[in-house]
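Student: fold the following, please.
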Amino acid sequence: QVQLVESGGGLVQPGGSLRLSCAVSGFRLGYHSIGWFRQAPGKEREAVSCIRSVDDRTYLADSVKGRFTISSDNAKNTFYLQMNSLKPEDTAVYYCAADLPRYDRLCYHPDFGAWGQGTQVTVSS
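Tutor: Residues are numbered from 1 along each chain as shown. From the prediction side, this is the model:
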């Protein structure tokens, strides 16, 4: 049974950092596409960052470039989203996701079938 379990969300002041983790069970990382998405109240779910593991092709949303980094530790079967220089507009529920790789697009949320439960990130002073 495929399961993704997130951790690491919370309340942080503007300019602060958080690291989200997504522990995977039911399959081994290293082949699948993995990613992070977020959804703020009243807004659609948006892609934050994804990696297609077979060739390490990476997507990073323009709004988080230079601040967020996606990474994976295949030995721990866990992937991460390091978030630095957080802004109030980063406030959202963050979801991790995984699925078999696609080669026509990289970080489109309907393509992902396995999802974490979501973790709240709130950036506020």
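
Student: show me the helices in the chain, by range?
Tutor: For the chain, no helices are identified by DSSP state H.

Student: just want the most central residue of it.
Tutor: residue 36 (1.9 Å; C-alpha atoms, centre = their mean).

Student: what is the burial count for residue 57?
Tutor: 14 (other C-beta atoms under 10 Å). For the C-beta atoms, the positions are set from N, CA and C on the backbone; glycine is no exception.

Student: check contacts around the closest residue in space to it that isn't next to it in sequence.
Tutor: With sequence-adjacent residues excluded and distances taken as C-beta to C-beta, 6 or more residues apart in numbering, residue 57 is closest to residue 106, at 6.2 Å. Residue 106 makes contacts with 33, 50, 52, 57, 59, as judged by C-beta atoms under 8 Å, 6 or more residues apart in numbering.

Student: how much space separates residue 106 from residue 92?
Tutor: Distance, residue 106 to residue 92, by C-beta to C-beta, to the nearest Å: 20 Å.

Student: any weak-confidence spans in the chain?
Tutor: Nowhere does the chain drop to pLDDT under 70.

Student: quick one: the strands in it?
Tutor: Assigned strands in the chain, in chain order: 3-7, 10-12, 18-25, 33-39, 46-52, 57-60, 68-73, 78-83, 92-99, 114-115, 119-123 (criterion: DSSP state E).

Student: for residue 73, give the beta-bridge partners.
Tutor: For residue 73, the residues forming beta bridges with it (DSSP bridges) are residue 78.

Student: re earlier: from residue 88, how far off is the residue nearest to residue 57?
Tutor: For residue 106, the distance to residue 88 equals 28 Å [C-beta to C-beta].

Student: quick one on the thing from earlier: what subset of the contacts of residue 106 is buried?
Tutor: 33, 50, 52, 59 (16 or more other C-beta atoms under 10 Å).

Student: tell me the one of those nearest residue 112?
Tutor: Nearest to residue 112 among the buried ones among the contacts of residue 106 is residue 33, at 7.5 Å by C-beta to C-beta.

Student: now do the contacts for the closest one.
Tutor: Contacts for residue 33 (C-beta under 8 Å, 6+ apart) come out as 50, 51, 52, 53, 98, 99, 100, 101, 102, 106, 111, 112.

Student: appreciated, that's everything.
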